[in-house]
Every structure is written in C-alpha cells, then in structure tokens.
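Asker: model this:
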Amino acid sequence: MADNLERQRNGSRFDVDALNERFASSGSRRLLETVIAENPDKRIALVSSFGANSAVLLHLVASIDPSISVLFIDTGKMFGDTSAYRDEIAASLGLTNIRVISPQQNVLKAVDPHGALWMSDRDSCCSIRKVQPFAQALKDYDIWISGRKRFQNGQRVDLPLFELDGARMKINPLANWTTGDIDIYRNAFSLKQHPLVAKGYPSIGCEPCTTPVNDGEDERAGRWRGMDKTECGIHVPADTGGLP
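Answerer: Sure thing, here's the model as predicted:
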C-alpha cells in the first residue's frame, strides 16, 4: 500500500494494470480518496454530463474534495433542463470549481454555420462541439475521472477501474456499480435526479440526438437512435485515435 501513483508512472505513463489489481476490491470512496491524497501535485478533474445518474459521482467527489475541477461540456445543443440541473446540483453539493467547456465560435461558423450539422453528419457534429473543445481543456490535467459503468453495455461492458488515455490516466470509479447501487446511493443521500428521467430519458445527451427509451430497451437506446453510433468520441482512448 506504500506504493505511490507517481512511482507507478513509466515516463508519462501510468501502470494501470498494477492499479487495477491494487484497487480491485476497494470501494469507490477509498479508491478516490487514495488517488486524490497520493497525488497532491497532479491536476485532477471530474468530467460530468450532469445527466441521469451524475449526481452520485458528483456527491462522492464533493464529499472528498469540493474544490476539485468539474468539467462540463456545453455543446450548444444541450437540453435547457440539463443546464438548470447542473447549476442546482453544483450549488447543493458545494462544488466550487465548475468549468464549462464550449466549442469555439470560429469553428462553428466555419463548419456548422446554421447549427444543423447534426442532421447530416453527427460524428462531425460531436467532434466540433464536444470532442475537440474537451481535448483542448483536458490538456490542463494529468488524471480525469469518468462516471461510466459496465452495465451501460456497448463498449463499456469490460470497463476497467483504471485505463490509459494517452499520457493521462482515466479513472472509472463506478465501473462495477449496478443500477441498484446507483438507486441506493442516490436515495440514501436524497440526491435530486435529472428532471428528464421521469419523462423516459435514462441517458441524456444533446437534445437533437436523444430520445426517450421504451420499456425493455437498453438505457442508452435513445442516444443516436437508429445509428451505428454509441459514443460521442470523448471516451475513445488517445492510443486508438481519440483524445490527444
């Protein structure tokens, strides 16, 4: 246990295999507390969509360090309910360092002047509104925390607790949580849920590309419905052509 995450780096790389083994049986709180405590000189950020289940991880991190950076990508196509929910949850949890990331206006004017790119090329829309601005913001950090979970299926079924994202380390502290775990935690701390959940949206992204989900469907079935697309791109590791 004396190992320090800094000593586990190989050049600019983290030894995620060792970390996954070390924290395999640890609870999410202990994992986060340890990583944050052992890395006072590292720049750490929590990335949150302020979506359906985001309040759980936000509460967990806020209870450890409310000053930690929280990155929110405002694509310009978000539900109005999401922006309002973001502000309400941040205030209620005492989070003091919310950083709103937006696409560059000159890029939007050049590539999507009418704001309708999502209708013809959703991958490009995600790229200029989400992936590119997020990649720029992420340059300020060494470690980032994600709220992804294995039960969300798709590319997430084998999600590890720790993974590499280029030279950065990415942590998925809720990787092995179930929907039941999420509900228990949220109810235990009386955390308000995103208002769109009650309207049939168990997974919430940009308004044009998110629809309600029917009974029996996967919770992410409403994201890019009818397309062979399951991720916006920010969760594609840099080593495979994603974020730098």
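Asker: contacting residues for L138?
Answerer: 45, 71, 144, 168, 243 (Cβ atoms under 8 Å, 6 or more residues apart in numbering). From N, CA and C alone the C-beta is placed, and that goes for glycine too.
Asker: separation between it and S146?
Answerer: As for L138, its distance to S146 is 12 Å (criterion: Cβ to Cβ, to the nearest Å).
Asker: and the contacts of L138, which of them are in helices?
Answerer: When DSSP state H is applied, these are split such that none fall in helices.
Asker: list the contacts for L117?
Answerer: By Cβ under 8 Å, 6+ apart, the neighbours of L117 are 111, 124-125, 128.
Asker: Return the members of these classed as buried.
Answerer: By the neighbour-count criterion of 16 or more other Cβ atoms under 10 Å, the contacts of L117 include these buried positions: 125, 128.
Asker: Show me the two of the contacts of L117 that sit farthest apart.
Answerer: Pairwise distances across those (Cβ to Cβ) peak at 8.9 Å, for the pair V111 and C125.
Asker: For stretch 62-80, could you pull out the residues that count as buried?
Answerer: Under the neighbour-count rule (16+ other Cβ under 10 Å), stretch 62-80 has 62, 65, 68-75, 77-79 buried.
Asker: And those, which is closest to T210?
Answerer: In terms of Cβ to Cβ, no member of the buried residues of stretch 62-80 lies closer to T210 than F79, at 7.6 Å.
Asker: Return the per-residue confidence for the closest residue in space to that closest one that isn't next to it in sequence.
Answerer: Counting by Cβ to Cβ, 6 or more residues apart in numbering, E207 is the residue found nearest to F79 once chain neighbours are left out, at 4.9 Å. For E207, the pLDDT comes out at 95.
Asker: Can you check my assumption that G76 lies in a helix?
Answerer: No: the secondary structure assignment for G76 gives coil rather than a helix, going by DSSP: H, G, I helix; E, B strand; the rest coil.
Asker: give the contact list for it.
Answerer: G76 sits in contact with 102-103, 108, 115, 129, where contact means Cβ under 8 Å, 6+ apart.
Asker: Give the next helix or strand downstream of the top helix by length along the chain.
Answerer: Once the chain is assigned using DSSP H, the helix that runs over the most residues is helix 80-93. Of the helices and strands lying after helix 80-93 in sequence (DSSP states H and E), the nearest is strand 98-101.
Asker: and whichever helix or strand comes after that following strand, how far out from the chain's middle?
Answerer: Scanning forward in sequence from strand 98-101, with DSSP H and E defining helices and strands, the next element found is helix 105-111. Using Cα atoms, centre = their mean, to the nearest Å, we find the averaged C-alpha position of helix 105-111 to lie 25 Å away from the chain's own average C-alpha position.
Asker: Next, the buried residues of helix 105-111.
Answerer: Along helix 105-111, these residues count as buried under the neighbour rule (16+ other Cβ under 10 Å): L108.
Asker: ok, now stretch 79-90?
Answerer: For stretch 79-90, burial by neighbour count (16+ other Cβ under 10 Å) applies to 79, 81-82, 85-86, 89-90.
Asker: D158: which of those residues is nearest?
Answerer: In terms of Cβ to Cβ, no member of the buried residues of stretch 79-90 lies closer to D158 than T82, at 28.6 Å.
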